[in-house]
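# Give me a model of this one.
(one chain, ligands or ions: 2)
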Amino acid sequence: MEKSLSAQGGAVKFPPMSSNLSGQFPSYRPRRLRRSPALRRLVQETRLSVDQLVLPLFVRFGNKVRQPISSMPGVFQLSLDELVKEAERAYKLGVPAVLLFGIPEKKDTKASGAYAANGIVQKAVRLLKKNFPEMLVVTDVCLCEYMSHGHCGIVHEKHGQVLNDPTLKLLARTATSHAEAGADIIAPSDMMDGRVRAIREALDKDAFSDIPIMSYAAKFSSGYYGPFREAAESTPQFGDRRSYQMNAANSAEAMREVALDIQEGADIVMVKPALAYLDIIYRVKNEFGYPTAAYAVSAEYSMIKAAAANGWIDEKAVTMESLLAMRRAGADILITYSAMQVAEWLREE
Ligand code: PBG
Ligand code: ZN
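Numbers count the residues shown, from 1 in each chain. Ligands and ions are numbered 1, 2, ... in the order given. Take a look at the predicted model:
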């Protein structure tokens, strides 16, 4: 059987590059199928649908707080009451899922707030599931927002390294606490080795064997996370994340990361960032065929917003074109801060 090149069936059947075009296909004129909106619609290869969208949301302590994030116009830190309002808007627009990040009141060196039964995310999950039982609540599982030093794992007191195995226990605890609160999908973003297995085993042991894991499988160390760190107040206080997040130069290694996560029990694999890593998305979808998510990260959003605010680009055109590129590359799921806006644009079409 011929191996299809992409999820969207992008295999080029003909004309073969070597053939004499005018001889073999004397009347092939591509513009024929571009003549009218209806024709273009009929032959369109990839599409955007609201069904593919996941909206990240930042939930924080407090009441009646809707704190703008200066580097991400239109994105806010929301207290629980405001979170419900925002989620309701998304729900009414048909966005099927939200992805929660928490900003706790206190941080420490054990990330206690990450796995507290009454932590901010745990409360948010319970509230959202009560109000919108059909909406999927995905929880980001990481420790950086809850650590005083801002790293994604436990830091050795003397050497300052991020310790892998001791971190796994806390990640597993965090994941089960999210599942206990009612989370629909668990999304580990820390990049420790073996975290998917640790989380899968912990969930299974606690009778959450039916809760899927969406792993940030190929997560690169990236300058594109800058605005997010303002939003989540999770900038590392020293050093950087290069000892656990991937080197932007590596593609074969990304395949090994994805293979490992799948072996360890991931149900959905994610590539992050998205637009600068379309080749990775393409390879992941084709080599593994798993449900594949693309995370259009904070700076992808901010750059479009900034250029649009200056009148330099058309926000809708560039946003939709970028998301289509991710679909073309093979992404099934699109995580984007523009999800609500995109849902509105799709309704207008
Ligand atoms: C950290 C985490 C990051 C993002 C989500 N979770 C990146 C980081 O700080 O290294 C980035 C999301 C974005 O930029 O939109 N676990
Ligand atoms: Zn983290």
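
# Unless I'm misreading it, Ile103 sits right up against Val65, doesn't it?
No: the pair Ile103 / Val65 is not scored as a contact, 10.0 Å apart, by Cβ atoms under 8 Å. In short, each C-beta sits where N, CA and C put it, glycine included.

# quick one: the strands in the protein?
Along the chain, the stretches classed as strands by DSSP state E are 53-60, 66-68, 76-78, 97-103, 136-141, 154-155, 162-163, 185-188, 214-219, 268-272, 292-296, 333-336.

# Select, out of these, the one closest to ligand 1.
Closest approach to ligand 1 among the strands of the chain (Cβ to the nearest ligand atom): strand 136-141, 5.7 Å.

# Could you please name the strands that closest one pairs with and the direction of each pair?
Applying DSSP bridges, strand 136-141 is found paired with strand 97-103 (parallel), strand 185-188 (parallel).

# and the residue of the stretch 201-349 of the chain nearest ligand 2?
Residue nearest to ligand 2 within the stretch 201-349 of the chain: Ser234 (6.4 Å; Cβ to the ion).

# Provide a list of residues in contact with that residue.
By Cβ atoms under 8 Å, 6 or more residues apart in numbering, the contact list for Ser234 reads 144-145, 150, 228.

# Tell me which two in those residues are the farthest apart.
Gly150 and Phe228 (12.1 Å; Cβ to Cβ).

# Those two: which has the busier surroundings?
When Gly150 and Phe228 are compared for neighbours, Phe228 comes out ahead with 24 against 21, by other Cβ atoms under 10 Å.

# who touches whichever residue of the stretch 101-250 of the chain sits closest to ligand 1 in this structure?
The stretch 101-250 of the chain approaches ligand 1 most closely through Phe228 (3.1 Å), counting by Cβ to the nearest ligand atom. By Cβ under 8 Å, 6+ apart, Phe228 lies in contact with 72, 234, 297-299.

# Do I have it right that Gln237 meets Val155?
No: counting by Cβ under 8 Å, Gln237 stays clear of Val155, with 9.6 Å between them.

# which residues are common contacts for these two?
What both Gln237 and Val155 touch, as defined by Cβ under 8 Å, 6+ apart, is the set His149.

# Comparing those two, which shows the higher neighbour count?
More neighbours surround Val155 than the other of Gln237 and Val155, with 22 against 10 (other Cβ under 10 Å).

# got the contacts of Phe228 as JSON lines, with distance to Met340 columns?
Below are the contacts of Phe228 laid out as JSON lines (distance: Cβ to Cβ, whole Å):
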{"residue": "Met72", "distance to Met340": "13"}
{"residue": "Ser234", "distance to Met340": "23"}
{"residue": "Val297", "distance to Met340": "17"}
{"residue": "Ser298", "distance to Met340": "16"}
{"residue": "Ala299", "distance to Met340": "19"}
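
# Give me the subset of those that lies in helices.
Secondary structure from DSSP state H places 298-299 of these in helices.

# Could you name the helices and strands sitting against the top helix by length along the chain?
Across the chain, the helix with the greatest residue count (assigned by DSSP H) is helix 164-181. Here helix 164-181 touches helix 112-115, helix 120-131, strand 136-141, strand 154-155, strand 185-188, helix 195-205, going by 3 or more Cβ pairs under 8 Å, 6 or more residues apart in numbering; DSSP states H and E.

# Please tabulate these in CSV and include mean pLDDT and distance to Glu321 as additional columns.
As requested, these are exported to CSV (pLDDT from 0 to 100; distance: least, Cβ to Cβ, whole Å):
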stretch, mean pLDDT, distance to Glu321
helix 112-115, 98, 37
helix 120-131, 98, 31
strand 136-141, 98, 25
strand 154-155, 96, 41
strand 185-188, 98, 26
helix 195-205, 98, 33
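
# Now those in TSV, please, with extra columns for distance to ligand 1.
Formatted as TSV, those follow (distance: least, Cβ to the nearest ligand atom, whole Å):
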stretch	distance to ligand 1
helix 112-115	11
helix 120-131	13
strand 136-141	6
strand 154-155	14
strand 185-188	9
helix 195-205	11
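
# For burial, what's the neighbour tally of the nearest residue to Lys219 once chain neighbours are set aside?
Leaving aside its chain neighbours, Lys219 sits nearest to Lys272 (4.8 Å; criterion: Cβ to Cβ, 6 or more residues apart in numbering). Applying other Cβ under 10 Å, we find 24 residues neighbouring Lys272.

# from what I can see Lys272 touches Ser215, true?
No: look at Lys272 against Ser215 with Cβ under 8 Å: they stay out of range, at 10.5 Å.

# Tell me who's in contact with Arg66.
Listed by Cβ under 8 Å, 6+ apart, the contact partners of Arg66 are 76-79, 82.

# Determine which two of the residues you listed are furthest apart.
Greatest spacing in these, by Cβ to Cβ: Phe76 and Ser79 (9.8 Å).

# interface residues of this protein facing ligand 1?
Contact residues (Cβ under 6 Å from any ligand atom) of the chain with ligand 1: 140, 142, 144, 152, 189-190, 225, 228-229, 234, 241, 297-298.
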